[in-house]
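*Asks:* Next one to model:
(chains A and B)
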Amino acid sequence: MHPHQTPDDLIELAAAHLRMAATEAGRHSDGDPFSPWHAYAGQLDLAAAGLGTQPGLIPQVADHADVLTHLELASRALYLVPPGRGPTNVALWCWQLTELVRVAREMAAA
Amino acid sequence: MSTTTGHDLINRADQLARELSRFQLPVETELWESFDTTAYRLMRELIGPGRVDDGACTRRRATLLQVIHAYPTPLRPPLDADFSVTEATRFVTVSREVLNRRIREGEVPAHVVGGQPRIDAADLDARTDITPAHPADPHPLARLSTTVGVLADMVNQERRQPSTVDGLGDDAVRDATARVMTWLAVAGRYTLRHGPLENGDRPLVIAQYADRCIDMLGGGVAPSTPTLESLVAGVVTSGPGLSERLDSTLHLWASAVGEELRRTIPSTQVMANIASIGTLMMATTHRLHTLSLSTPAEALVAMTSDLRGAAECLKEAEATWKRVTTLQPQGRAFGAASFELFETLRKVLAAPVEPERQRALGLDTDQSILSLERGTRDLASFVEQSHDATRACLNSELLFAPARGQDRTAQHLKSRTRGGYLPVSADAATVVLNPIEIAGSRTAQVVASAIKGWSTQRSLVITR
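*Replies:* Predicted coordinates:
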């Protein structure tokens, strides 16, 4: 963990990357409401809102990347939260992120 | 010499639980059962009735007791304890009356304490085949199980020394229990994914129980006891059939949504997600109709237009709900149910055209269409409820939006610079509510008329 990053900072960073991943996933749907990418973006938004410590207040991150990169960065931020110092359910969010990555890969492959 | 503390063990278990998501090693039922039993033993040691403290009547303590009592029938009782008849019924599959009769008839040994019969745990233990994970087993779940077991031993030791019991106050126990719930939720999911499918029910029940308890312990709305008790009955069956899974996940989702919308102030993120899932339900319904032999080609044209119209409205409603917030978090159980339904719908959406390949997946298109029709009725009702909740929040000034998007008063300017949120003013109400109202009512209308129309068309085909 960076010396100036608190567990809350890392959680917020992960949430922000998830929100950016959601925006990118939404772009994949090309505006088609039948596209599973649209519903996938909804899942990413839900995860971002659930992970963030302040509901409704999720800062945007400056760098724009693809869905998988944002998910990887979110995952990395979560793993940096020291066990015992962050929220009690970080392990579950790590699992959820792994699942979201798996789904993104499957959808991209399809 | 180094000393390992309970805190170290909790941190280690937390780390191991996180790492579990990076592994893909198969897991045997024996290993899962060992973890299940060990985690329950730890919880009992943390919360259990043998604990001596003065906080038994506090609300926190009551929540902790509710958590342990809701644990789905433990596989093994903790071995160094004895139980009253009522407590013992948690570990057996017979009623209290039957257990009392068996004690009277001498079938179940019991001893009397204070005039009441008590049963030794060993006499209730029907699963002596479950053993602790081997400490040298490199499997990540075995490592987690061993760490949890050592922690349980440590807590047990601590409980026997009254001088140290202050270190295990309700706050510490609550925090530790919340972590155990997280480990159970992760381990249950890992076992579901990498374990034998035929034994998937138990890990699923435990994972869902853990989700509910995380919500309870996290300070969200505590589900009522009947809700927790109904978990076993309302669980998604892990049968291989895609249609069966769709039906189950729709039920589970509807139950989770109902619970979220019953909150005094529901989360707008939940409402947005309901709409988001709704778009996929429309797409999946469309896909199933194109696959179904019972759907006439001429009906498909009108259906496509209706479904796409509904999906567009839902998408618009979702976008609107994302622009406002009630600053309320959503429950963990809702997130899990939503993701499960998303995953199932995605699989149905990608179903193959060939009937034999559909059969191999356990997909019965007509059965799934009926499941989705019911799900869509639920969806229409949820959209309507969400709309009413949004209006109520707005009238109570409990609906917020980013200050940067609102009128420029002195207060707003201050909040704008901080990037804060402010209550949506009555002047802005129309702007905020209109899209939701339009989208909500149109969705409900389109969904209702579409269902009516398709049902008629389908029944005509069947009659013919």
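*Asks:* Any idea which residue is closest to the centre of chain B?
*Replies:* Centroid-nearest residue in chain B, with CA atoms, centre = their mean: residue B:333, separated by 3.0 Å.
*Asks:* just chain A next, same as before
*Replies:* Note: chain A centre (CA atoms, centre = their mean) maps to residue A:18, 2.3 Å.
*Asks:* now the residue nearest to the centre of chain B: how far from chain A?
*Replies:* 11 Å (CB to the nearest CB, to the nearest Å). Heads up, the C-betas are built off the backbone N, CA and C, glycines and all.
*Asks:* Give me the three-state assignment for that residue.
*Replies:* helix (DSSP: H, G, I helix; E, B strand; the rest coil).
*Asks:* pretty sure the residue nearest to the centre of chain A contacts residue A:47?
*Replies:* Yes. In this structure residue A:18 lies within contact range of residue A:47 using CB atoms under 8 Å: 5.3 Å.
*Asks:* Report the set of residues contacting both of those two.
*Replies:* residue A:97 (CB atoms under 8 Å, 6 or more residues apart in numbering or on different chains).
*Asks:* what's near enough to touch residue 29?
*Replies:* All of this refers to chain A. Counting by CB under 8 Å, 6+ apart, residue A:29 touches A:35, A:37, A:38, A:41.
*Asks:* my bad, the chain I had in mind was chain B
*Replies:* B:195, B:196, B:199.
*Asks:* And it, how far from residue B:161?
*Replies:* According to CB to CB, to the nearest Å, residue B:29 stands 37 Å off from residue B:161.
*Asks:* what do you get for residue B:334?
*Replies:* 42 Å.
*Asks:* Those two: which is more packed in?
*Replies:* residue B:334 (26 against 9; other CB atoms under 10 Å in any protein chain shown).
*Asks:* any weak-confidence spans in chain A?
*Replies:* Applying pLDDT under 70 to chain A flags residues A:1-4, A:53-60, A:62.
*Asks:* what residues does it put near chain B?
*Replies:* A:33-36, A:38-43, A:45-47, A:49-50, A:54-57, A:59, A:78-79, A:82-84, A:88-92, A:94-99, A:103, A:107, A:110 (CB under 8 Å from any CB of the partner chain).
*Asks:* I'd like the next helix or strand past the host helix or strand of residue B:348.
*Replies:* Residue B:348 is part of helix B:332-349 when elements are defined by DSSP states H and E. Downstream of helix B:332-349, the next assigned helix or strand under DSSP H and E is helix B:355-361.
*Asks:* Flag every buried residue along that next one.
*Replies:* B:358, B:361 (16 or more other CB atoms under 10 Å in any protein chain shown).
*Asks:* residue contacts, the residue in chain A positioned nearest to chain B?
*Replies:* Proximity of chain A to chain B (CB to the nearest CB) peaks at residue A:42, 2.7 Å away. Residue A:42 makes contact with A:22, B:272, B:273, B:275, B:276, B:277, B:279, B:318, B:342, according to CB under 8 Å, 6+ apart.
*Asks:* Specify the local secondary structure of it.
*Replies:* helix.
*Asks:* ok, now how distant is it from residue B:431?
*Replies:* 23 Å.
*Asks:* Likewise for residue B:124?
*Replies:* On the measure of CB to CB, residue B:124 and residue B:431 end up 63 Å apart.
*Asks:* When the two are compared, which one has more neighbours?
*Replies:* For residue B:124 versus residue B:431, neighbours defined as other CB under 10 Å are more numerous around residue B:124 (22 against 15).
*Asks:* these two touch, right, that one and residue B:90?
*Replies:* No. In this structure, residue B:124 is not within contact of residue B:90 by CB under 8 Å, at 9.1 Å.
*Asks:* my guess is residue A:61 contacts residue A:17, does it?
*Replies:* Yes. Between residue A:61 and residue A:17 there is a contact at 6.0 Å, judged by CB under 8 Å.
*Asks:* more neighbours, the two?
*Replies:* Using other CB under 10 Å as the criterion, residue A:61 and residue A:17 rank with residue A:17 on top: 28 against 18.
*Asks:* Chain neighbours aside, what residue packs nearest to that one?
*Replies:* Nearest residue to residue A:17 in three dimensions, chain neighbours excluded: residue A:74, at 3.7 Å (CB to CB, 6 or more residues apart in numbering or on different chains).
*Asks:* Shouldn't that neighbour be within a helix?
*Replies:* Yes. The assignment for residue A:74 is a helix, going by three-state DSSP.
*Asks:* give the contact list for it.
*Replies:* A:13, A:14, A:15, A:17, A:18, A:21, A:97.
*Asks:* Narrow the contacts of residue A:29 to those in helices?
*Replies:* A:37, A:38, A:41 (DSSP state H).
*Asks:* My guess is the second one contacts residue B:282. True?
*Replies:* No. Between residue A:38 and residue B:282 there is no contact, the gap being 10.7 Å when judged by CB under 8 Å.
*Asks:* who does the helix ranked longest in chain A touch, helix- and strand-wise?
*Replies:* The residue-count maximum for a helix in chain A (DSSP H) belongs to helix A:7-28. Helix A:7-28 is packed against helix A:36-51, helix A:67-79, helix A:90-109, with contacts defined by 3 or more CB pairs under 8 Å, 6 or more residues apart in numbering or on different chains; DSSP states H and E.
*Asks:* In the longest one, which residues are buried?
*Replies:* If I follow you right, that is helix A:90-109. Neighbour-count burial for helix A:90-109 [16+ other CB under 10 Å]: A:90-101, A:103-104, A:107.
*Asks:* Among those, which one lies nearest to residue B:347?
*Replies:* residue A:103 (10.7 Å; CB to CB).
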